[in-house]
Structure formats: C-alpha cells, structure tokens
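J.: Sequence below, structure please.
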Amino acid sequence: MPRPASEQLLVRVSVCAVCRTDLHIIDGELPDPKLPLIPGHQIVGRIEEMADDVEGFSIGDRVGIPWLGWTDGECAYCRSNRENLCDRARFTGYTIDGGYAEFTVADSRFCFHLPDQCNDVDVAPLLCAGLIGYRSYRKTGEARRLGIYGFGNAAHLITQIGLYEGRDVFVFTRPGDAATQQAAKKLGAVWAGGSDEMPPKRLDAAIIFAPVGGLVPAALRALAKGGVVVCGGIHMSDIPSFPYADLWGERAITSVANLTRRDGEEFLEIAPRVPVNTKTETFPLEEANAALEKFRAGELAATAVLKLFES
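T.: Numbers count the residues shown, from 1 in each chain. Reported below is the predicted structural model:
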C-alpha cells in the first residue's frame, strides 16, 4: 500500500484505461522508465487519504490522474506556461507508478476533478487520448478543413470536438479499411478514405495520430498553403525524406509533447457540452496482459479499460 507524501493523494483506483503509450513503454520504445514499474496513466478513482498540505480536494472526491504527474515549476519552460516541456517532468505509468493497481498515489496539483455527467469507464479514455488529442487539435488553430490520419481512440474523440466547433473533418485510414471509413462518416466526417488518397479539397491542417512516419509526407501533400501537420503521438517511426516543394508555401510540421494542466481543464470543461462519447471494452485487472495483446494485435474495436470496482 503506497502512502501519500507532501501534496499527494492516495487514490483507490476504480478504472484505468489502456493506451498505446503503455505498449511503447512495455516494448522498450521509450527510454529510461522507472523499473520495476506499474503502468497506466488514464486513472479514475476516489481519494482514500491525502497529505495535510493538499488543497482543493476532500476525502471521497472522484479524481482523474493523467500522464503529466509532476513538474519542477521553476525552469524556463514552466515559467513560460510550457510545463509540458519541463526537463525534469515525471510521468504517470512511466517514471511514476501508475494505475494498473488497486491503489496509487499522485500529486494533487496534477489531478483533475471529473465531470459528474460521465461515469468512471466512459471518462477514463478522456485522460490521455482526449487530453493529448485536444492539445493536438488546438495546435491546428482555426483550420476549417481538418484532416485526421489514423482513426483510433484519440481521433474518435477529437473528431467530435471538431464537428461540434463547425470544422469539416476528413479522415484517413489504412488503405482498404472500409469499415473504419464508414464509421468515420457515420460520426460526421465529410470524407473518409485511405491514407494513400488525396482528399477532395486541400486541408488547412492535419493531425497524425497513427505512429507512422510515412504519413507525414502524405499529409503535407494534402495541405493547402500555410497549413500545419501536427504529429500527435509520443513515438513515431522514422519520417522518410520528401521534396522541399511539399513543405514550401509556409506549410509547417510540429509535434505534441505531453499536456499542460490548462489543456486538461479546458478539455474536461468542453467534453460534457459536446458531449464527447467514448467507446470502451472493460477487462478485469488480472486480464491486463490480455487487453494489451489485443491492443497490439489490432483486435480492439474500442478503448480497453481495466475495471477494479464501482466507485
């Protein structure tokens, strides 16, 4: 049983959603994890105990624990509202023990109160796929025509935000994946096709959620002048070379790293208003490895959520 130190909460875990980043960590694709390590960074639970210096929370409160678990608050990044880039940052389920467990501790300053409208299982995927997706989405600015490459958990959530805000969403899937393309159209995408296709209109921005570097040149070719390609993953295969002409015209490529607490607060405020709907499949904690293997094999049609108890 972990004990809360200064500023920390002891949380009894209700559910923890499974993320592709968990696979990247387990497979050794991200460097220097805490070892031994408890994975999991989309945690929903109730406060069992808390340090005396915690503010803004009470015993029994339901909280969400995200990927960003701690920053130093002192570096140039933290002091310029870019805490997601803090060199000393710690991350839940990577450099801090996470939520594949009955109990966990977390810094209260990086936890979120959760909207009452969402139950534990449905809200869990919002804590990473939603938050990182939202940061990626905000980097597209006021783009009217938005392309989304890879229609997994984050894309499903952010498409709903884009449609709510009046964007035209164009979805790109694996070539020949007619079922996913149809699902995107049913959700409201104006067009859906293979990643090897060009959209009927040039895009003002594109978000790449699939960890495939080869999609970057493809997305660039689909952009109008002045457009941006946002790489939304923490890990991506190598980007192949491409002609400068595809970048010219003030097109840009940017990545998204982690999240800030402001991203979380904004997203958890807008999500219930949309409302953002999640698709989930639950597994008991003891079947965590089975859930991960299904994820790796592409056998999940929804976000896997490890369920421990009803909060």
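
J.: The closest residue to residue 160 other than its chain neighbours: neighbouring residues, count only.
T.: Counting by CB to CB, 6 or more residues apart in numbering, residue 160 lies nearest to residue 276, which is 5.0 Å off, once chain neighbours are set aside. Just so you know, the C-beta spots here come from the backbone N, C-alpha and C atoms, and that holds for glycine as well. The number of residues packed near residue 276 is 26, by other CB atoms under 10 Å.

J.: before we move on, what about residue 33?
T.: When neighbours are defined as other CB under 10 Å, residue 33 has 16 of them.

J.: now swap in residue 281 and tell me
T.: Applying other CB under 10 Å, we find 14 residues neighbouring residue 281.

J.: So it belongs to a strand, correct?
T.: Yes: checked against DSSP: H, G, I helix; E, B strand; the rest coil, residue 281 lies within a strand.

J.: hang on, it packs against residue 301?
T.: Yes: assessed by CB atoms under 8 Å, residue 281 is found in contact with residue 301 at 7.3 Å.

J.: What is the three-state secondary structure of residue 2?
T.: coil.

J.: and if you look at residue 121?
T.: Classified using three-state DSSP, residue 121 is helix.

J.: got a list of what it touches?
T.: Contact analysis of residue 121 by CB atoms under 8 Å, 6 or more residues apart in numbering lists 15, 280, 282, 305, 307.

J.: now residue 217
T.: Neighbour list for residue 217: 239-240, 242, 246 [criterion: CB under 8 Å, 6+ apart].

J.: now those residues: which count as buried?
T.: Buried by 16 or more other CB atoms under 10 Å: residue 246, out of the contacts of residue 217.

J.: any chance of the contacts of residue 217 in TSV, with pLDDT, distance to residue 113 and secondary structure too?
T.: Formatted as TSV, those follow (pLDDT from 0 to 100; distance: CB to CB, whole Å; DSSP: H, G, I helix; E, B strand; the rest coil):
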residue	pLDDT	distance to residue 113	secondary structure
239	97	39	coil
240	97	44	coil
242	97	44	coil
246	97	44	helix
